[in-house]
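Q: Okay, structure incoming, though there's no sequence with it:
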């Protein structure tokens, strides 16, 4: 039996991939005891994520999110980092997995001053460019400088796709990674539902996740929906939406665009399966969103929906599918007048091919190495 630790500073409830990892790992813990450190979010709509397996314990130290004043934020940072370090020093885990630079400091401190033989696993939900590290939060900038010492000593360093890993390797050169990996953001196999062949009007389109005006094609897509005169409906499930985006969608004054409250991740499959297509709306304002294949792409597909994604998202192009269904179609959201919806939803003479985007397979190697 061994002690394992996962460090994920941001609230688990906002990150489906880490929820999926813990759910998958619950069946493979063996005799290990696993402690997961995270913070509590400021959201009220979402339930706290709770493991089913008692071998996995969630410890929430401090708060993170919107609406926290400077003093409370500083207190949360101190509580989280010193709480994690104290746990590591006392429990002496044999393996640590941390997510993102913001979570790296306790792992670096423990590896540097307490246990030179601890096995470190590092995963990044997002890609952060050197310019973003330089202009971003000073704490993250400092942690990134420190964590570079960990990279060649880590047992595992992963990103969500090959594009991001290649950029990451270029950014940290001449530092070498001895065990680089790619772990995509796939949903559970239980979400699978066969896609429909025939789509009737109105075509039901859905969007899930955070939503904004400046960095997404929210306005462009909403105006296109309204211009279809009832041939399309668009439902938005957002727990994190900017005030201007919320005001804009609510001002549409039509049943064709409906803004709904965000839902717990486990509720999504039952909701998504009611729709025909899911949209991804990132404008690609930074490299992270250009070289991105977001989890919602695979969630839509596995639930039987077609996917409409922006041309600017190079990270999603490897999943482009137009000659079978469910379709994954690049769309010019800056010029939706040229988008032929009838062609997009038409599946005549196309073969159904089951998408194999399941987290159980994606996590297989990571869980095998982390839990053994």
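A: Looks like it came in fine. Being a predicted model, the structure only gives us computed values, none of them experimental. Residues are numbered from 1 along each chain as shown.
Q: Could you list the buried residues of the biggest helix by length in the chain?
A: Using DSSP state H, we find that the single longest helix of the chain is helix 70-91. Judged by neighbour count (16 or more other C-beta atoms under 10 Å), helix 70-91 contains these buried residues: 76-77, 80-81, 83-85, 87-88. From N, CA and C alone the C-beta is placed, and that goes for glycine too.
Q: Which of the residues you listed sits closest to residue 137?
A: When the buried residues of helix 70-91 are ranked by distance to residue 137 (C-beta to C-beta), residue 77 comes first, at 10.4 Å.
Q: Let me know the pLDDT of the closest one.
A: Predicted confidence (pLDDT) for residue 77: 94.
Q: Pretty sure it sits against residue 62.
A: Yes: using C-beta atoms under 8 Å, residue 77 is in contact with residue 62, at 7.0 Å.
Q: How about the contacts made by residue 164?
A: Applying C-beta atoms under 8 Å, 6 or more residues apart in numbering to residue 164 gives the contacts 124, 127, 288, 291, 315.
Q: Can you tell me which of the residues you listed lies closest to residue 163?
A: Nearest to residue 163 out of these is residue 291 (C-beta to C-beta; 3.8 Å).
Q: Number of residues surrounding the closest one?
A: A count of nearby residues for residue 291, using other C-beta atoms under 10 Å, gives 22.
Q: Now do the helices in the stretch 251-372 of the chain.
A: 268-272, 287-290, 295-302, 341-345, 359-362, 364-371 (DSSP state H, counting those that start in this stretch).
Q: Tell me the helices and strands packed up against the third one.
A: It refers to helix 295-302. Helix 295-302 is packed against helix 16-25, strand 203-208, helix 268-272, strand 277-279, strand 306-310, with contacts defined by 3 or more C-beta pairs under 8 Å, 6 or more residues apart in numbering; DSSP states H and E.
Q: how much does it deviate in direction from strand 306-310?
A: Calculated by axes from the mean of the first three to the mean of the last three C-alpha atoms, to 10 degrees, helix 295-302 forms an angle of 150 degrees with strand 306-310.
Q: roughly how far out does helix 295-302 sit from the chain middle?
A: Put simply, helix 295-302 sits 11 Å off its chain's centre (C-alpha atoms, centre = their mean, to the nearest Å).
Q: Residue 236 touches residue 261, doesn't it?
A: No: proximity of residue 236 to residue 261 does not meet the contact threshold set by C-beta under 8 Å, at 9.9 Å.
Q: wait, isn't residue 303 in contact with residue 194?
A: No: in this structure, residue 303 is not within contact of residue 194 by C-beta under 8 Å, at 10.0 Å.
Q: Residue 38 in helix, strand or coil?
A: Using DSSP: H, G, I helix; E, B strand; the rest coil, the three-state assignment for residue 38 comes out as strand.
Q: Quickly note the distance from it to residue 12.
A: 5 Å (C-beta to C-beta, to the nearest Å).
Q: joint contacts of the two?
A: Residues touching both residue 38 and residue 12 (C-beta under 8 Å, 6+ apart) are residue 58.
Q: now the helices: where do they sit in the stretch 51-200 of the chain?
A: Assigned by DSSP H, counting those that start in this stretch, the stretch 51-200 of the chain shows helices spanning 70-91, 104-113, 130-135, 138-147, 162-172.
Q: Can you name every helix or strand that the longest one contacts?
A: By that I understand helix 70-91. When contacts are defined as 3+ C-beta pairs under 8 Å, 6+ apart, helix 70-91 packs onto strand 3-7, strand 33-41, strand 56-64, helix 104-113.
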